[in-house]
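1. Structure for the following, please:
(2 chains)
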Amino acid sequence: MVDMALSANAEASAAAMSRTKVLGRLRARDLVFRHLTRAAAILVLIILSGVIIALIEGSLPALQAFGFDFLLEERWNPVTEKFGALAPIYGTLVTSFIAMLIAVPLGLLIALFLTELCPMWLRRPIGIAIELLAGIPSIIYGIWGLFVFAPFLQRTLQPVLIDWFENVPILSSLFEGPPYGIGILTASLILAIMVLPFVTSISRDVFEAVPPVLKEAAYGVGCTTWEVLRHVVLPYARVGVVGGVMLSLGRALGETMAVTFVIGNAHKVSASILAPGTTISATIANEFTEAVGDLYTSSLIALGLILFVITFIVLAAARLLLLRLEKRVG
Amino acid sequence: MDRYAWRRLRNSIVITLSIGATALGLGWLILILGSLVYEGLSGLSLAVFTQMTPPPGADGGLLNPIIGSLILTVLAILIGTPIGMLAGTYMAEYGKFAKLTVVVRFINDILLSAPSIVVGLFVYEILVAPMGHFSGWAGAVALALIVIPVVVRTTEDMLSLVPKELRESATALGLPLAHVIRYVSYRAALAGIITGVLLAVARISGETAPLLFTALNNQFFSTNLNAPISSLPVVIFQFALSPYEDWQKLAWIGALIITFAVLALSITARALSASRKSP
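-> Modelled structure (predicted):
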């Protein structure tokens, strides 16, 4: 309006001209910036599809050579160039399963402690300390597991387990063989410690999202802490806890360095969890730089593809569950 | 036992277990840090920071892997942060309600937890194989791919926390959105975004898996990014699994350095975000 009123004045009209110019420049810059940010967002999508395409392309020779058998064969022979992924897949699933079996109850109990029992002033320090466990790099768990934890298990827990279950029909094969120290069980225990902070912090967050009124009502009619957890908090937080558990499972499945140190790298499916085994990620980490020949390299990339597909499904399911929860809360 | 006593008993069992679990978690942290200090501190000396990695049996330090790690980390942050911030900006500002945002958020969350070894394989396929040799650039790109999701996530979260009244008043002055974002949103969210970048640094400084077959390793001092370059995590991996005791000792020292650097970074990041929330 001011511009129009002053437009008779020559000086002001020059000002108005430069003003539209400036405005135009600002608009142009805005447009550039908008497209730049949009391109960056699209780049994230390109990265994901790039990963999938590159892995598929790299694993084609192996998949063509072995077909569906690749998933079902236990053999892994670089000399005759016959490869099968059964042992790594088995190792990955079993170690992650045992790790979750240990980490989930522990994580839920710690979350219970942090939300219901712990004095206020201690909550933050303890919460941070548990989360620091998640900050320790994976390779540190590896070196610690190899030099401290595995020898410790070899001396204490493993002989005891072998003794205990020696004469129990089915369990005896589960705890069979000499105590190596390294092996499936050791890797599982290390994984359990590593995913514990994830389970804990997500459980704590969903526990805290339970409306206090519900808990107070339950305490008010005389429920114990356990009963409040069991009948009020857990049912309310169920979806979130399951989402958190699956997110942690995704982490456990893909964990590489810590497992590589303590798994023993044996391409073998054994019934005993004390025996050395291997996982997908450990196989890749150990053998990729030494792989000679296209088929060997390609088989390792195919292993990577399988790992990525498994974790993608687990993580996507976890995210969908957590999204559903957010919608309900928000 | 009557019903009431049984309920009390069951409750105390759960409470005991709960306290026990917390003690176990904390104990484990102390145990790991304790053995790191026990094994690593005695060997920590100036020589570690001034000498090259030695052949087995000789004296040496960790100078080349430390320098290599610093170079790779800085490069990865320089590549990853702008991309991550731009993408996060789109999601929180321009495309808040766009379909693209929903999809990118979902994919980004998956990339955030995707196995890092797969990132290594990807970079091997697109950079190392075509170029025909391992290189520092490939390592930096692999680490940058891990930085991006972290920065995208924190940028989006932090920008979403900026009150919309701030943006509205700036817009009401006639500023185009790019200016509103630069002079209002970014300034309000700065501490949070820096926290995210620090967390990303903490995350990649310990990453080993994506470097194994991208940057590989180098026994000698090298800052040439077109050649294999040494990095602390890979040296720890190699030395710890070697049969030589002095190499294993160096691996422990390296582990001690990395862990305390990472913990210091994440505590700083937490302190930053806490000081922002409390006033």
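2. contacting residues for residue 208?
-> This is for chain A. A:E208 makes contact with A:T115, according to Cβ atoms under 8 Å, 6 or more residues apart in numbering or on different chains. To be clear about C-beta, it is placed using only N, CA and C from the backbone, and glycine gets the same treatment.
3. please go with chain B instead
-> B:T208 is in contact with A:137-139, A:256-257, B:233-234, B:236-237, counting by Cβ under 8 Å, 6+ apart.
4. ok, which pair from these is furthest apart?
-> With distances taken as Cβ to Cβ, the most widely separated pair in those is A:T256 and B:I236, at 13.7 Å.
5. other SSEs contacting the helix or strand where A:A28 lies?
-> A:A28 belongs to helix A:10-66 when assigned by DSSP states H and E. For helix A:10-66, the helices and strands in contact under the criterion 3 or more Cβ pairs under 8 Å, 6 or more residues apart in numbering or on different chains; DSSP states H and E are helix A:2-5, strand A:82-83, helix A:294-329, helix B:63-89, helix B:99-113, helix B:116-123, helix B:136-161, helix B:177-180.
6. What is the burial count for residue 65?
-> All of this is about chain A. If you count neighbours by other Cβ atoms under 10 Å in any protein chain shown, A:A65 ends up with 17.
7. my bad, chain B
-> Close neighbours of B:P65, defined as other Cβ under 10 Å, add up to 27.
8. Could you pull up phi and psi at the residue in the stretch 51-200 of chain A positioned nearest to chain B?
-> Residue nearest to chain B within the stretch 51-200 of chain A (Cβ to the nearest Cβ): A:P137, separated by 2.3 Å. Main-chain torsions, A:P137, degrees, to the nearest 10: phi -60, psi 150.
9. so who does the residue in the stretch 201-330 of chain A that chain B sits nearest to touch?
-> Proximity of the stretch 201-330 of chain A to chain B (Cβ to the nearest Cβ) peaks at A:G254, 2.6 Å away. Shown in contact with A:G254 (Cβ under 8 Å, 6+ apart): A:281, A:307, A:311, B:113-118.
10. how far is the particular helix or strand that has A:K215 in it from where the chain is centred?
-> Per DSSP H and E, A:K215 falls inside helix A:212-220. Computed by Cα atoms, centre = their mean, to the nearest Å, the chain-centroid distance of helix A:212-220 equals 34 Å.
11. Any part of that helix near chain B?
-> No - using Cβ under 8 Å from any Cβ of the partner chain, we find that helix A:212-220 stays clear of chain B, coming within 12.0 Å at best.
12. How many neighbouring residues does the residue lying closest to A:F207 once chain neighbours are set aside have?
-> Spatial nearest neighbour of A:F207, excluding adjacent residues (Cβ to Cβ, 6 or more residues apart in numbering or on different chains): A:T115 at 4.4 Å. Around A:T115 sit 20 other residues, with neighbours defined as other Cβ under 10 Å.
13. Surely B:W252 and B:L41 touch.
-> No - with contact defined as Cβ atoms under 8 Å, B:W252 does not reach B:L41; the gap is 9.1 Å.
14. more crowded one of those two?
-> B:W252 (25 against 11).
15. before we move on, the earlier item: between the helices and strands packed on helix A:10-66, which one is nearest to A:E57?
-> A:E57 lies closest, by Cβ to Cβ, to one member of those: helix A:294-329, at 8.7 Å.
16. Now do the closest one, average pLDDT.
-> Averaged over helix A:294-329, pLDDT sits at 88.
17. That helix near chain B anywhere?
-> Yes - counting by Cβ under 8 Å from any Cβ, chain B is contacted by helix A:294-329 at A:300-301, A:304, A:307-308, A:311-312, A:315-316, A:319, A:323.
18. would you list these in JSON lines and tack on distance to A:R19 and neighbour count?
-> Listed next are the residues of helix A:294-329 next to chain B as JSON lines, based on distance: Cβ to Cβ, whole Å; neighbours: other Cβ atoms under 10 Å in any protein chain shown:
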{"residue": "A:L300", "distance to A:R19": "63", "neighbour count": "27"}
{"residue": "A:I301", "distance to A:R19": "59", "neighbour count": "28"}
{"residue": "A:G304", "distance to A:R19": "58", "neighbour count": "28"}
{"residue": "A:L307", "distance to A:R19": "59", "neighbour count": "28"}
{"residue": "A:F308", "distance to A:R19": "54", "neighbour count": "24"}
{"residue": "A:T311", "distance to A:R19": "55", "neighbour count": "25"}
{"residue": "A:F312", "distance to A:R19": "53", "neighbour count": "20"}
{"residue": "A:L315", "distance to A:R19": "52", "neighbour count": "25"}
{"residue": "A:A316", "distance to A:R19": "51", "neighbour count": "16"}
{"residue": "A:R319", "distance to A:R19": "48", "neighbour count": "21"}
{"residue": "A:L323", "distance to A:R19": "46", "neighbour count": "15"}
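19. quick check: domain ranges of the chain?
-> Just so you know, I chose chain A. Structurally, chain A divides into domains by automatic domain parsing as follows: A:1-65, A:72-329.
20. um, chain B though
-> According to automatic domain parsing, the ranges for chain B are B:3-42, B:48-277.
21. Figure out how far the first one is from the centre of its chain.
-> Spelled out, it's domain B:3-42. Chain-centre distance of domain B:3-42: 27 Å, with Cα atoms, centre = their mean.
22. What of stretch A:76-93?
-> Distance, stretch centre to chain centre, for stretch A:76-93: 23 Å (Cα atoms, centre = their mean).
23. export that stretch as PDB, just CAs?
-> Written as PDB, here are the backbone C-alpha positions of stretch A:76-93 (Å, rounded to 0.1, in the frame of the first residue of the first chain):
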ATOM      1  CA  TRP A  76      31.100 -73.900   3.000                       C
ATOM      2  CA  ASN A  77      34.200 -74.900   1.000                       C
ATOM      3  CA  PRO A  78      36.300 -72.200  -0.600                       C
ATOM      4  CA  VAL A  79      38.500 -74.900  -2.200                       C
ATOM      5  CA  THR A  80      35.800 -76.600  -4.300                       C
ATOM      6  CA  GLU A  81      33.800 -73.400  -4.400                       C
ATOM      7  CA  LYS A  82      30.700 -74.900  -3.000                       C
ATOM      8  CA  PHE A  83      28.900 -72.600  -0.600                       C
ATOM      9  CA  GLY A  84      25.700 -72.800   1.500                       C
ATOM     10  CA  ALA A  85      24.300 -70.400   4.000                       C
ATOM     11  CA  LEU A  86      22.600 -72.700   6.400                       C
ATOM     12  CA  ALA A  87      25.300 -72.500   9.200                       C
ATOM     13  CA  PRO A  88      25.500 -68.700   9.300                       C
ATOM     14  CA  ILE A  89      21.800 -68.300   9.100                       C
ATOM     15  CA  TYR A  90      21.300 -70.800  11.900                       C
ATOM     16  CA  GLY A  91      24.000 -69.100  14.000                       C
ATOM     17  CA  THR A  92      22.500 -65.700  13.500                       C
ATOM     18  CA  LEU A  93      19.000 -66.700  14.500                       C
END
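24. Kind regards, and thank you for your time.
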